[in-house]
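>>> Below are the sequence and a predicted model for it; my questions follow.
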Amino acid sequence: MLELLAGAAVVGGLLLSGLAGSSRTQRNRVRVAWREAATRLGLELDPWELRLQGRLDGHRVHVVVHVRKVYHKGRTREVAETRFALRFERPLPVSLRLRLQSAVDSLKAMFGFSDLELGDPSFDRLVKVQGESAQEIRAFLDAERRHAVASFLEAHPSGQIDDQAIQVVRYGYVRSPEHVVTIAEAMRQLASALTTGRPPDAEAVTGAGPASPPLRRPPVAAETEAPAEAPATPLTPELLPPMPAWMAEQAVRLQPDEDQP
């Protein structure tokens, strides 16, 4: 019996050691990719915390890996999420929140629960709009800004936009520098459209070449220089708003990046 217990302990130790080694390998690959992305974007990399931060066009940008424990089928396991956040240099002039319409939203609409609509049927079917003043939101979201928002959310279905920030959550580790740069640049271009009124470059927003017409339902689960002065209070995972349930639901439905297992 003692020999069996000893053997089981050895096997368990080897398994844990293998898992730990795999986790270290993944984080090392992320560090290498993010170091390249940091150089291309002009951001700073904290290699030990797996955090990118800095400014793009004056907006504070923060990319971090967040690991949380989830209970699934009687087991507790760790799930990694890569969170991208861009906080506007100055808040938008209207209070609003924008994200893709979900299946639950569509079901509610069938039973007469309507959201704020802008009078653009294609946009209203695609994007859920929330806010305090419908009149101010309609005035702010002109045709160019609606185009920018729709294109961004089509390319990044877990995205969320409010008057303070733009956020994207990707399931797992993002180990491709191209993907990090694409998402950060897409947020920068959208921020430019929302804060200055200039339409974003379609290729940068979608990250997938010239954009097709933006106002269509996306398929299920496809997925500058920094100023000399640093932000007074760097963004940390604790300062990022918690991921709401609707975002978690969409994030876990996303297919992992092609470079993820």
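Looks like it came in fine. Numbering: from 1, shown residues only.
>>> mind listing what's buried in stretch 126-138?
Across stretch 126-138, burial judged by 16 or more other Cβ atoms under 10 Å covers 126, 127, 128, 129, 131, 137, 138. C-beta: built from backbone N, CA, C; applies to glycine.
>>> Could you verify that the third one is part of a strand?
Yes. The assignment for residue 128 by DSSP: H, G, I helix; E, B strand; the rest coil puts it in a strand.
>>> which residues does the closest residue to it other than its chain neighbours contact?
Sequence neighbours aside, residue 101 is the residue nearest to residue 128 in space, at 4.9 Å (criterion: Cβ to Cβ, 6 or more residues apart in numbering). Residues near residue 101 by Cβ atoms under 8 Å, 6 or more residues apart in numbering: 125, 126, 127, 128.
>>> distance of the third one from residue 179?
If I follow you right, that is residue 127. 23 Å (Cβ to Cβ, to the nearest Å).
>>> do the first one as well
According to Cβ to Cβ, residue 125 and residue 179 sit 28 Å apart.
>>> for the record, mean pLDDT for stretch 57-64?
Mean per-residue pLDDT for stretch 57-64: 95.
>>> how about the helices of this structure, start to end?
Taking DSSP state H to define them, one finds helices in the chain at 2-41, 103-110, 121-126, 134-140, 143-155, 177-196, 202-206, 245-253.
>>> Residue 171 contacts residue 68, doesn't it?
No. Using Cβ atoms under 8 Å, residue 171 makes no contact with residue 68, being 11.5 Å away.
>>> More neighbours: the two, which one.
Between residue 171 and residue 68, residue 171 has the larger neighbour count (other Cβ atoms under 10 Å), namely 22 against 10.
>>> can you pull up the bridge partners for the more buried one?
residue 81 (DSSP bridges).
>>> That one and residue 81, how far apart?
Where residue 81 is concerned, residue 171 sits at a distance of 6 Å (Cβ to Cβ).
>>> Below-threshold pLDDT in the chain: ranges please.
1-23, 103-114, 197-261 (pLDDT under 70).
>>> If you count surrounding residues, which of residue 125 and residue 179 has more?
Higher neighbour count among residue 125 and residue 179: residue 179, with 20 against 15, using other Cβ under 10 Å.
>>> ok, now how distant is the more buried one from residue 143?
Counting by Cβ to Cβ - residue 179 and residue 143 are separated by 30 Å.
>>> Check residue 102 too.
For residue 102 relative to residue 143 (Cβ to Cβ), the value is 25 Å.
>>> what's the answer for residue 26, then?
Relative to residue 143, and taking Cβ to Cβ, residue 26 is found at 43 Å.
>>> Which one of these two is surrounded by more residues?
Ranked by neighbour count (other Cβ under 10 Å), residue 26 and residue 143 place residue 26 first, with 17 against 10.
>>> Contacts only, for that one.
Residue 26 neighbours (Cβ under 8 Å, 6+ apart): 173, 175.
>>> Can you give me the separation between it and residue 93?
Applying Cβ to Cβ to residue 26 and residue 93 gives a distance of 42 Å.
>>> cool, residue 59 as well?
Taking Cβ to Cβ, one finds residue 59 at 16 Å from residue 93.
>>> swap in residue 180?
30 Å.
>>> Ends of stretch 159-173, what's the gap?
17 Å (Cα to Cα, to the nearest Å).
>>> now residue 38, nearest residue through space, not along the chain?
residue 45 (4.2 Å).
>>> Test of understanding: give the bridge partners of residue 68.
What pairs with residue 68, by the bridge criterion (DSSP bridges), is residue 79.
>>> Make residue 1 into 194 and carry on from there
Got it, the first residue is 194 from now on, which makes the last one we talked about residue 261.
>>> re the thing from before, which of residue 373 and residue 286 has more neighbours?
Between residue 373 and residue 286, counted using other Cβ under 10 Å, the more crowded position is residue 373 (25 against 12).
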